[in-house]
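S.K.: Sequence first, then the predicted structure, then my questions.
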Amino acid sequence: MATIPVENPATGETIREVPAVAPEDVAALVERARAAQPAWEALGYEGRGRILKRAQQWLLAHAEEVADTIVAETGKAREDAMLVEVAYGINALGFWPRKAPKWLADERVRTTNPLVLGRRMVVRYRPVGVVGVIGPWNYPLVNSVGDAIPALAAGNTVVVKPSEVTPLTSLLFERGLHESGLPEGVFQVAVGTGETGAVLIDHVDMVMFTGSTRTGRKVMERAAQTLTPVSLELGGKDPMIVLADADIERAANTAVYYSMQNGGQTCISIERVYVEAPVYDEFVAKVTEKTKALRQGPPNGAGSIDVGAMTFPPQLEIVEQHVQQARDAGARVVAGGHRREGAGRFFEPTIIADADHSMTAMREETFGPTLPIMRVQDADEAVRQANDSAYGLGASVFTRDIAKGERIARRIEAGAICINDAAVNYLALELPMGGWKASGLGVRHGPAGLKKYTRQQAITTTRLALKREVHFFPYNARVSNLITRGIKLFYKSRAR
Ligand code: NDP
């Protein structure tokens, strides 16, 4: 069996060789999942919830081991692993089993159409069957395992295809689920390359994909062959708008944290900032000072660093190119700006002042510890520039005038906007999270983020005592006249 080497990006050392699932073996894995699904569905919300809550206890008990695994395969700071990933997983394992019975309960529907009055109408949510979750390398717990949890709570079985760069977290979580009593075949991990992911699409009943826009398009194209539904969480270029009346200290802290956290390798990182002219210099100065104070290097236990490594090798080149192109086009690099020498893959926390839209750093997803900042004349220009993007994932607005902030939020073309904050909407699993434009299709989280793992079924019951006639045949002049008069009478009475 072929294996995939997993590397620690912070040290360059190989951590482990992991057996890979070849594309031709994917069908058998999905067959196992399909065979396990009816019994898993039959357990009901309560039975499934009991196991998922046991998994929540497992994750709590193994929080350190899981965080260590995430840190080892991504090179991120330990606090990023604990705060964002482990905490998310613990929350999700409690949240989805609690919400599923309510959000997926049968819905009684009343109709206004006189032709079907008197019938009992129910919408029912049935699991799709086998869900394929394909995940990226930047959040191996949140974006691979995390998306599997609602799918499982809804009664599906799941095959996860983690990024080949970071498969260890999914494998560890698989162990945790089995130790929590999850039946065989309900959750499986298909470690493999992109081709393994592509073949998975051919066999499953629904695909939950998180990754780049480029691969997202390929996933949708492939899924079209089998008419398999897809949910796509793709790239972003999240703008932040800082108005002249903002709390500049808070705005600067937010800008630095949400652009550098996880080494900037977050889909909803702040990727560009627009600052109103009167506070531009003050904002740039604060952000520069705070960025220069950040510590970077191989994570070595609690509190050892602030910004970790670049997880995916080609990403380092992309970041370097964006910074260099901005320099060449006239921007000022006021903090960082270079890859670090020595072992491991690191790019210095970098601030690019005086940026504009001629620069790739303002237009394309950089996905690294960089923050380009642009001066704008007013809020209208800021909104115009924020919307001048192929992406539409998240955005943030900073102002002391909350009403104004909310008005601006409604003008921004993105799936989630925070006012005087950034990215925190992701933590509220009650809220839908999904991109507009090239940032995706569909949502995770919220009721829609659970219902997408189901098929809707409408059941209409006609009680026999109510209705003897089941048809209008034969169509003759009398029937035709009755139909016309009946429709007119009904809607005229309604219009009054
Ligand atoms: P990729 O699109 O390169 O890869 C994502 C996953 O798809 C990986 O598991 C990859 O496998 C697999 N894959 C590759 N080719 C195919 C294919 N043809 N068919 C099916 N699957 C395939 O993304 P990255 O891993 O580079 O992740 C970074 C991107 O993810 C960024 O753009 C980021 O913005 C986005 N992202 C979006 C989020 C959101 O919620 N909107 C959240 C987190 C990240 P392999 O790695 O083995 O090649």
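M.R.: Cool, the structure landed.

S.K.: buried stuff in stretch 319-336?
M.R.: For stretch 319-336, burial by neighbour count (16 or more other CB atoms under 10 Å) applies to Val319, Glu320, His322, Val323, Ala326, Ala331, Val333, Val334, Ala335, Gly336. C-beta coordinates here come from the backbone N, C-alpha and C atoms, glycine included.

S.K.: make that stretch 40-55, sorry
M.R.: Trp40, Glu41, Tyr45, Arg48, Gly49, Ile51, Leu52, Arg54, Ala55.

S.K.: Please apply the same query to stretch 202-212.
M.R.: Asp202, His203, Val204, Asp205, Met206, Val207, Met208, Phe209, Thr210, Gly211.

S.K.: And the residue nearest the centre of the chain, how far from the ligand?
M.R.: Centroid check for the chain by CA atoms, centre = their mean gives Glu233 as the closest residue, at 5.0 Å. Distance of Glu233 to the ligand, given as CB to the nearest ligand atom, to the nearest Å: 3 Å.

S.K.: The ligand next: which of the buried residues of stretch 202-212 are close?
M.R.: Thr210, Gly211 (CB under 6 Å from any ligand atom).

S.K.: Find me the pLDDT at the residue in the stretch 201-350 of the chain positioned nearest to the ligand, would you?
M.R.: Nearest residue of the stretch 201-350 of the chain to the ligand: Gly211, at 2.6 Å (CB to the nearest ligand atom). Model confidence at Gly211, given as pLDDT, is 98.

S.K.: Look up the closest residue to it, ignoring the ones flanking it.
M.R.: Pro136 (4.6 Å; CB to CB, 6 or more residues apart in numbering).

S.K.: Near the ligand, which residues of this protein are found?
M.R.: Counting by CB under 6 Å from any ligand atom, the chain comes close to the ligand at 134-139, 143, 161, 163-165, 193-194, 197-198, 210-212, 215, 218-219, 233-236, 267, 312, 365, 367, 393, 435, 440.

S.K.: Of those residues, which belong to strands?
M.R.: Ile134, Lys161, Thr210, Glu233, Gly440 (DSSP state E).

S.K.: Taking those, tell me the two that lie furthest apart.
M.R.: Using CB to CB, these span at most 18.0 Å, a distance reached by Lys161 and Gly440.

S.K.: wait, what's in contact with the closest residue to Val165 other than its chain neighbours?
M.R.: Nearest non-adjacent residue to Val165, counting by CB to CB, 6+ apart: Trp137, 4.1 Å away. The contact partners of Trp137, by CB atoms under 8 Å, 6 or more residues apart in numbering, come to Thr74, Ser163, Val165, Thr166, Thr311, Phe312.

S.K.: Let me know whether the first one touches Asn138 as I believe.
M.R.: Spelled out, it's Thr74. Yes. Under the criterion of CB atoms under 8 Å, Thr74 makes contact with Asn138 at 7.3 Å.

S.K.: Show the low-confidence segments of the stretch 1-150 of the chain, by residue range.
M.R.: Within the stretch 1-150 of the chain, no stretch has pLDDT under 70.

S.K.: what's the spacing between Arg407 and Ala329?
M.R.: 33 Å (CB to CB, to the nearest Å).

S.K.: Could you look up the next helix or strand downstream of the helix or strand containing Gln57?
M.R.: Gln57 belongs to helix 44-61 when assigned by DSSP states H and E. Per DSSP H and E, the first helix or strand lying C-terminal to helix 44-61 is helix 63-74.

S.K.: And that following helix, what's buried?
M.R.: So, applying 16+ other CB under 10 Å, buried residues of helix 63-74: Ala63, Val66, Ala67, Asp68, Thr69, Ile70, Val71, Ala72, Glu73, Thr74.

S.K.: for stretch 187-194, same thing?
M.R.: Quick answer for stretch 187-194 (16+ other CB under 10 Å): Phe187, Gln188, Val189, Ala190, Val191, Gly192, Thr193, Gly194.

S.K.: Am I right that Pro5 sits in a helix?
M.R.: No. Checked against DSSP: H, G, I helix; E, B strand; the rest coil, Pro5 lies outside a helix; its state is strand.

S.K.: If it is in a bridge, with which residues?
M.R.: Note on Pro5: beta-bridge partners by DSSP bridges are Glu17.

S.K.: pretty sure it is touching Gly12, no?
M.R.: No. Judged on CB under 8 Å, Pro5 makes no contact with Gly12 at a distance of 11.6 Å.

S.K.: More neighbours: these two, which one.
M.R.: A side-by-side neighbour count of Pro5 and Gly12, using other CB atoms under 10 Å, places Gly12 first with 14 against 10.

S.K.: what does stretch 324-340 rub up against?
M.R.: The contact list for stretch 324-340, computed with CB under 8 Å, 6+ apart, reads 284, 288, 291-292, 296, 316, 320, 323, 345-356, 358-362, 369-370, 372.

S.K.: Centre of the chain to it, how far?
M.R.: Between the centre of stretch 324-340 and the centre of its chain there are 30 Å (CA atoms, centre = their mean, to the nearest Å).

S.K.: Return the closest of the buried residues of stretch 40-55 with respect to Asp380.
M.R.: Using CB to CB, Leu52 is the member of the buried residues of stretch 40-55 that sits closest to Asp380, with 47.8 Å.

S.K.: Show me the helices in the stretch 301-450 of the chain, by range?
M.R.: 313-328, 360-363, 379-387, 402-409, 446-451 (DSSP state H, counting those that start in this stretch).

S.K.: In TSV, list those along with mean pLDDT and distance to Arg98.
M.R.: Putting the helices of the stretch 301-450 of the chain into TSV (pLDDT from 0 to 100; distance: least, CB to CB, whole Å) gives the following:
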stretch	mean pLDDT	distance to Arg98
helix 313-328	97	37
helix 360-363	98	42
helix 379-387	98	36
helix 402-409	98	29
helix 446-451	98	11
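
S.K.: Deepest-packed of those helices, please.
M.R.: helix 360-363 (a mean of 23; mean count of other CB atoms under 10 Å).

S.K.: now for that one, which elements pack on it?
M.R.: Applying 3 or more CB pairs under 8 Å, 6 or more residues apart in numbering; DSSP states H and E, we find helix 360-363 packed against helix 313-328, strand 370-376.

S.K.: Quick one: closest of these to Ser259.
M.R.: strand 370-376 (4.1 Å).

S.K.: and that closest one, C-alpha only, in PDB?
M.R.: Output in PDB follows, covering the C-alpha atoms of strand 370-376 (Å, rounded to 0.1, in the frame of the first residue of the first chain):
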ATOM      1  CA  THR A 370       0.500  39.900   5.500                       C
ATOM      2  CA  LEU A 371      -1.800  43.000   5.700                       C
ATOM      3  CA  PRO A 372      -2.000  45.500   2.900                       C
ATOM      4  CA  ILE A 373      -3.600  48.900   3.800                       C
ATOM      5  CA  MET A 374      -5.100  51.500   1.500                       C
ATOM      6  CA  ARG A 375      -6.000  55.100   2.200                       C
ATOM      7  CA  VAL A 376      -9.600  56.100   1.100                       C
END
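
S.K.: what's the average pLDDT for that strand?
M.R.: For strand 370-376, the per-residue pLDDT averages 98.

S.K.: and the angle from that strand to helix 313-328?
M.R.: 30 degrees (axes from the mean of the first three to the mean of the last three CA atoms, to 10 degrees).

S.K.: and for strand 370-376, what are the contacting residues?
M.R.: By CB under 8 Å, 6+ apart, the list of residues contacting strand 370-376 reads 255-256, 259-260, 264, 270-277, 280, 283-284, 287, 291, 319, 322-323, 326, 331, 336, 347, 349-357, 359, 361-362, 382, 385.
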